[in-house]
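Undergrad: Provided below for reference: sequence and predicted model.
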Amino acid sequence: MLRYSCDCSRIEQSEMSKLEVVLGAHNLTKKDLFQQRIPVQKCIKHPSYKQNEVHHDIMLLKLKNKAKINKFTKNKALPKTNDKLPANQMCSIAGWGFTAPNGPPSNVLREVSLKLQFDIECNYIWRNHFNSQHMICTSSDGKRTFCKGDSGSPLICNNKPQGIAAFANLTDCRKGPQVYTKIGFFLPWIKKVIVQRENMLLSVSLLVLSILPVSGAMKSGIVEGHEVKPHSRPYMVSVQLNKEHKCGGMLIREDYVLTAAHCLNGYKTSEKKQKLEVLLGAHNISRKEPSQRRIEVKKYIKHPSYKEGQHNHSYDIMLLNLKNKAKLTKSVQIITLPKNNKNIPANKDCSIAGWGKTEPCGSASDVLKEVRLKLQFNVECKNIWQMYFDSQRMICTASDGEKGFCQGDSGSPLMCNNKLTGLAVFTYPGNCIKRKYPGVYIKVAYFHPWIQKEINPP
């Protein structure tokens, strides 16, 4: 269960103007005199790095302008190829990533001390994902680690950057050894690429990707899909926080929307600045369309067995009670809930639509897009996702490495034979279309009794 760093090769040339680094920063939410914001001119990934893989996960960013070296921005000397890195050596890593497996990210730079782990231990746990020749790892005490948002951050040992944070446990970054790309191994490649060392940056931890919104809750847009006929899916809902799309959803009654529970992980009703709404009747969510209706959410009801932060998606389902009833029109309609909780055959053709990311490291879609997928055998889903897949409450769709749902589409409905079947909950983190890793959905029919109980109280 891995995570991966954003592959620069998947960023369109038109989006390169949005890619920047921030230097000399401590608090990313504040602008101070010491910060330098520099556009990235070019991404140079290692020639042996392959998308969907974890080996040779290293990249250089060539900056458009040279960084000004001062008290707050300095070059870091690279290690030697033959530096010894014995197990149990104390090292440290810093970053602005998640402060817990489910977030939120830190505004200020934080650091943690970690011990190097024996290679044999890392190899035993990570198997063919770990290569001691060009990787190192740190042991985990179940409390301290790097997490989502820290990929690319340097692991400092004896005041030298020896590693680049690469991946950790999929569901809980605190569990098991954390793995790093060994910088020393790649020194010949780095020196070959670098012409002027002061205007290169060996770290993606400082990247500010305006094309990649910070969102820890949603692990799931539609990749390799096509734009739907406007309002052909009138039950579709955009769940929004402060008018920013967070998740998909569906209208199941004039006053209720069904979506995924993890969409509101970290959300606090006490925060007056956080306005939770749903957008109905939309095709292009970046525009104001005559068909659109925006309604505030009165309260949200997560399934009582869903536990935030435990990465168990078996009960990842939630109802949103609307403050005002939706007015049904040609563009706003209720979806029929499935009642019969029967087994669904594999290889059935289904489809899912949403406004999420159109590629793993790309930007979200403004218009509603859809993609066709085939249901996967439960035994295959169980074999791959193991304890994270519950065949009683879940179904999954096969991944061919090209198409699927992605970040921003959690809560969107999976339609099979034009009937609601599933609710999107998770995919492979970092690469939502990773080959052989099925996209997973809540089986809506299983939860029909709970839904009816909540929307029709005695």
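TA: Now that the structure is in, tell me what you want to look at. Residues are numbered from 1 along each chain as shown.
Undergrad: Can you tell me the closest non-neighbouring residue to F118?
TA: Using Cβ to Cβ, 6 or more residues apart in numbering and skipping residues adjacent in sequence, the residue nearest F118 is A87, 4.4 Å away. Bear in mind the C-beta positions are built from the backbone N, C-alpha and C, glycine included.
Undergrad: Give me the neighbour count for that neighbour.
TA: The number of residues packed near A87 is 16, by other Cβ atoms under 10 Å.
Undergrad: show me the contacts for it.
TA: By Cβ atoms under 8 Å, 6 or more residues apart in numbering, the residues touching A87 are K115, L116, Q117, F118, D119.
Undergrad: Also K374?
TA: So K374 contacts A346, N347, K348, D349, C350, T397, A398 (Cβ under 8 Å, 6+ apart).
Undergrad: what's across from it in the sheet?
TA: D349 (DSSP bridges).
Undergrad: Make CSV from the contacts of A87 and add neighbour count to it.
TA: Compiled in CSV, these are given as follows (neighbours: other Cβ atoms under 10 Å):
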residue, neighbour count
K115, 14
L116, 23
Q117, 20
F118, 15
D119, 18
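Undergrad: neighbour-wise, which of the contacts of K374 leads?
TA: Highest count within the contacts of K374 by other Cβ under 10 Å belongs to T397, 28 neighbours.
Undergrad: would you list every one of the helices in the stretch 51-200 of the chain?
TA: Under the criterion DSSP state H, counting those that start in this stretch, the stretch 51-200 of the chain contains helices at 119-126, 187-193.
Undergrad: Determine the set of other helices and strands touching the first one.
TA: Spelled out, it's helix 119-126. For helix 119-126, the elements it packs on are strand 135-138, judged by 3 or more Cβ pairs under 8 Å, 6 or more residues apart in numbering; DSSP states H and E.
Undergrad: which residues touch the strand it packs on?
TA: 55, 85, 91, 93, 114-117, 119, 121-122, 126, 130, 145, 155, 162-163, 166, 177-182.
Undergrad: and the residues you listed, which are buried?
TA: The neighbour-count test (16 or more other Cβ atoms under 10 Å) marks 55, 85, 91, 93, 114, 116-117, 119, 122, 126, 130, 145, 155, 162-163, 166, 177-182 as buried among those.
Undergrad: excluding its backbone neighbours, what's nearest I442?
TA: In this structure, I442 finds its nearest non-sequential neighbour in L423, 4.3 Å apart by Cβ to Cβ, 6+ apart.
Undergrad: Can you list the buried residues in the strand or helix carrying the one you found?
TA: Per DSSP states H and E: L423 is located in strand 419-426. By neighbour count on 16+ other Cβ under 10 Å, the buried set for strand 419-426 is L420, T421, G422, L423, A424, V425, F426.
Undergrad: Between the helices of the stretch 51-200 of the chain, which one is closest to H231.
TA: helix 119-126 (47.3 Å; Cβ to Cβ).
Undergrad: which residues are in contact with the closest one?
TA: A87, F130, S132, M135, I136, C137, S139, G176, P177, V179.
Undergrad: re the thing from before, from the contacts of A87, which is closest to P413?
TA: Distances from P413 to the contacts of A87, taken by Cβ to Cβ, are shortest for Q117, at 43.1 Å.
Undergrad: Next up, the contacts around the closest one.
TA: A87, C137, T138, S139, P177.
Undergrad: and A445, backbone torsions?
TA: phi -60, psi -30 (degrees, to the nearest 10).
Undergrad: Where does pLDDT dip in the stretch 301-450 of the chain?
TA: Across the stretch 301-450 of the chain, the ranges flagged by pLDDT under 70 are 309-311, 357-364, 401-403, 407-408, 429-433, 435.
Undergrad: Could you list the low-confidence segments of the stretch 51-200 of the chain?
TA: Looking at the stretch 51-200 of the chain by pLDDT under 70, you get 52, 99-103, 142-145, 147-149, 169-175, 195-200.
Undergrad: one more time with 50
TA: For the stretch 51-200 of the chain, the stretches with pLDDT under 50 are 196-200.
Undergrad: where do the strands sit along it?
TA: Ranges of strands in the stretch 51-200 of the chain, per DSSP state E, counting those that start in this stretch, are 59-63, 90-95, 110-115, 135-138, 154-157, 160-167, 178-182, 200-201.
Undergrad: The closest residue to N107 other than its chain neighbours: neighbour count?
TA: Take N107 and drop its neighbours on the chain: the residue closest to it by Cβ to Cβ, 6+ apart is T29, 4.6 Å away. By other Cβ under 10 Å, 9 other residues sit near T29.
Undergrad: A326 sits in which helix or strand?
TA: If you go by DSSP H and E, A326 is not part of any helix or strand.
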